[in-house]
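>>> here is the input, now give the coordinates:
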Amino acid sequence: MGKLTYSARKNSGIKAGQAVSKDLKKRIPPGIGSKAAARDPVLEIYLDGKCLTDEGFAQFIDNLLECIRYRDEQHPVGLAKVTEFQLKGNNLTVKSLSKLGEVIVNSTGDLRELDLSNNDITVVSAEDKAIWKAFLESFQNCYMLKKLDISGNPIGPAGLEILARVYIKSDLEYVEGDAGAIIEEQLGFVEEVSALKIAGKENESPRAVRSKKSPNKGKAAKQSGASTAVSASKSITTNDLRKYACTRGLRSIPYFILSDISIKNSSAVHLSRMLATQRASKYLLGYLPPGKSSAIPGSAEDGKSLLWQPNEGLVQYAQRLLDVTEQISEVKAKAQAESDNEDANDDEESQRKLQSKLALEYTRLTKRVRIESLKQEGVHASDIAITALKMFVLSRALLLEDEDRPVDYDPFDGDTFLLEDFTPEELAQQNDEPSFHISSAEFLNDPRYTFVSTFPPGPFHPEAAMFNEEFPALEAARQKKASKSVAFESENEFIHPQLQPGRSSGKGMYRPSLVHKKRKLSWRYDLPFEAWRKIIAYAVGADGILDKEQHERIIHYATDWDAIEYELTIKGAEDHQQIWKFLETVRCFTYTPN
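As a prediction, the model looks like this:
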């Protein structure tokens, strides 16, 4: 195993990066280290506290990528298989993550530990967000990673939200049959090691066997690390790799350290969702090969895979929300373990009471954190919230149709206004002409005001004689249009799970007209619902942020006249409260798994 350690060297910054570049070039043929790289491509790089900055990192990263990707007959698995990469305290920014992501993509079956703690990675601009998202997605197929440390980086609320999106939407568990393409390159290395096995001397290389005849050669082989490489791989088999690849991605990392990352109260909304979806480190370690222990915070002893404490900047109730989320996970895990043990059901009732108490507190805290984050940070602080609102506005503008309005719909909530309800003075304020007063009865009975009835309908009026005979196609179309508002599918009833129970009395609850009803069959311009969903989602950039179910809930809410009636009842509430109610209704506060 090769190690590039620079902690004892005095050089730093760009010079430190140049030193790494020089050592990596030695591994590239015809460099003096190319033969050693062929025997043992495994490499660990330690660059803690060298103040590299982006410029120093750029000095060697391309050389590292060349070593990883290099292939020829003598080096079928490359010149470097990076298992550990220590970059703590190097003033790196988000700009360095593009190249680092390429290293990760090319090391999915090799990388065991990556330490990026105490750098200057912050996510603010649109460019920062794109780079950060691509970097996180580079872990999609990583299945050997045991520890990822990004603590001490001011990634901020935007960075945490993107992390939550990628983390929650990433798949975790796979069947062994899906692992073939992922481990193909790694299998080549294992097969090469297996070919070196000698009967009766398993996992010894030919060079190690010859060392028994020649002490000098044996010493040289030991120094080169060839036997170490074989020994490190002796327990890895094809079946092992397939098992390891059954969990991969960010959610498969047993120790993911997120402490001190400059988050705000709105971040607690997304971090709480991440904590609720995490798997225990003990479970995840079962899909990794044994190896040297990593330095991890003390909180990892509780079996959590996401280690987020400490994190300043959270108010007490936001901090409590995260604590309660973890407690709920712990109680559920304990209840599951006890359910498997038939003799451990004595405190089942107390467990249920505790779960009920925590669930009630979680609901209360979640509501408070969400409302306060909207009030303090605004809707633009959250990508999912602003995207949901954009989709709602566009959906209502395009798809809300008058013909779908209920027959008894009254925007004035039952109030009827007649001329006799107004005084002459009130009428004078509405007209420039001299005011006059006439009752509705006088208006209806006075022939001077029956203008319409004094003229017979023209030939193009639907009530005219011979209209149906002269214009049969128009009449059919008119009847078809009139029936559109009551045309529904015969199956797939659309029910909002989170919108029930509906409004039974008073204000404050919304009962959509589509609850307990069936979906509309026909939409504007006779385009199917799915076509409209894709068009609107593409127009507002909702794909990848909102899932299909969220798209559907937003569109159905936006095209529901009962929703408009409900919105009028809460019109007096503050803007952030109205936005909170909408996001809660369509369930677009947090990301959901794919």
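>>> now do stretch 305-315: everything it contacts.
Here stretch 305-315 makes contact (C-beta atoms under 8 Å, 6 or more residues apart in numbering) with 251, 253-265, 267-268, 271, 274-275, 278-281, 284, 296-297, 299-300, 322, 372. Heads up, the C-betas are built off the backbone N, CA and C, glycines and all.
>>> just the residues you listed: which are in strands?
When strands are assigned by DSSP state E, the members of the contacts of stretch 305-315 inside them are Tyr255, Phe256, Ile257.
>>> low-confidence ranges, the stretch 351-500 of the chain, go.
For the stretch 351-500 of the chain, the stretches with pLDDT under 70 are 407-500.
>>> please read the previous query as pertaining to the chain.
Within the chain, the stretches with pLDDT under 70 are 181, 183-235, 297-302, 340-347, 407-521.
>>> how about 50 then?
The model of the chain has pLDDT under 50 over residues 192-234, 412-422, 426-427, 430-444, 446-455, 473-507, 513-518.
>>> which of the ones in strands among the contacts of stretch 305-315 are buried?
Neighbour counting over the ones in strands among the contacts of stretch 305-315 (16 or more other C-beta atoms under 10 Å) leaves Tyr255, Phe256, Ile257 as the buried ones.
>>> a markdown table for the residues you listed, including distance to Lys571?
Shown next, in a markdown table, are those (distance: C-beta to C-beta, whole Å):
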| residue | distance to Lys571 |
| --- | --- |
| Tyr255 | 49 |
| Phe256 | 44 |
| Ile257 | 46 |
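>>> among the residues you listed, which one sits closest to Asp171?
Phe256 (16.0 Å; C-beta to C-beta).
>>> for the closest one, give me its contacts.
Going by C-beta under 8 Å, 6+ apart, Phe256 touches Lys147, Leu148, Leu250, Ser305, Leu306, Leu307.
>>> correct me, but the third one touches Ser170?
By that I understand Leu250. Yes: Leu250 is within contact range of Ser170, at 5.3 Å (criterion: C-beta atoms under 8 Å).
>>> would you mind telling me which of these two has the busier surroundings?
Taking other C-beta atoms under 10 Å, Leu250 and Ser170 do not tie; Leu250 has more neighbours (23 against 19).
>>> list the contacts for the more buried one?
With contact taken as C-beta under 8 Å, 6+ apart, Leu250 is in contact with Leu136, Phe139, Leu148, Val166, Tyr167, Ser170, Phe256.
>>> rerun that using 6 Å as the cut-off
Neighbouring residues of Leu250 by C-beta atoms under 6 Å, 6 or more residues apart in numbering: Phe139, Tyr167, Ser170.
>>> tell me the helices and strands packed up against the host helix or strand of the second one.
Here Tyr167, judged by DSSP states H and E, is contained in helix 156-169. Helices and strands touching helix 156-169, by 3 or more C-beta pairs under 6 Å, 6 or more residues apart in numbering; DSSP states H and E, are helix 126-137, helix 265-277.
>>> just say which of the ones you listed is most tucked in.
For the helices and strands packed on helix 156-169, the largest average neighbour count (mean count of other C-beta atoms under 10 Å) is found in helix 265-277, namely a mean of 23.
>>> what are the contacting residues of stretch 90-109?
Stretch 90-109 is contacted by residues 50-54, 57, 61, 65, 68, 82, 119-121, 128, 131-132, 134-135, 138, 141-142, 144, 183, 186 when judged by C-beta under 6 Å, 6+ apart.
>>> quote the end-to-end distance of it.
Stretch 90-109 has an end-to-end distance of 26 Å (C-alpha to C-alpha, to the nearest Å).
>>> which parts of that stretch count as buried, going by neighbours?
90-97, 99-109.
>>> what's the answer for stretch 7-26, then?
Neighbour count says stretch 7-26 has Ser12, Gly13, Ile14, Ala16, Gly17, Ala19, Val20, Ser21, Asp23, Leu24 buried, by 16+ other C-beta under 10 Å.
>>> could you find the closest non-adjacent residue to Leu285?
Nearest non-adjacent residue to Leu285, counting by C-beta to C-beta, 6 or more residues apart in numbering: Pro254, 5.0 Å away.
>>> I'd say that neighbour and Tyr283 touch.
No: with contact defined as C-beta atoms under 6 Å, Pro254 does not reach Tyr283; the gap is 8.5 Å.
>>> check contacts around Val248.
Heads up, residue 248 is Arg, not Val. Counting by C-beta under 6 Å, 6+ apart, Arg248 touches Asn141, Cys142, Tyr143.
>>> nearest to Ser7 among these?
For those, the residue nearest Ser7 by C-beta to C-beta is Cys142; the value is 25.9 Å.
>>> any idea how many residues pack against the closest one?
Residues lying near Cys142 (other C-beta under 10 Å) number 24.
>>> neighbour-wise, which of Pro254 and Tyr283 wins?
A count of neighbours by other C-beta under 10 Å puts Pro254 above the other of Pro254 and Tyr283, at 25 against 14.
>>> mind checking how far the more buried one is from Ile296?
Using C-beta to C-beta, to the nearest Å, we find Pro254 at a distance of 9 Å from Ile296.
>>> now the buried residues of stretch 7-26 as a markdown table including distance to Ala558 and secondary structure?
Below are those laid out as a markdown table (distance: C-beta to C-beta, whole Å; DSSP: H, G, I helix; E, B strand; the rest coil):
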| residue | distance to Ala558 | secondary structure |
| --- | --- | --- |
| Ser12 | 57 | coil |
| Gly13 | 55 | coil |
| Ile14 | 55 | helix |
| Ala16 | 56 | helix |
| Gly17 | 53 | helix |
| Ala19 | 60 | helix |
| Val20 | 55 | helix |
| Ser21 | 56 | helix |
| Asp23 | 60 | helix |
| Leu24 | 56 | helix |
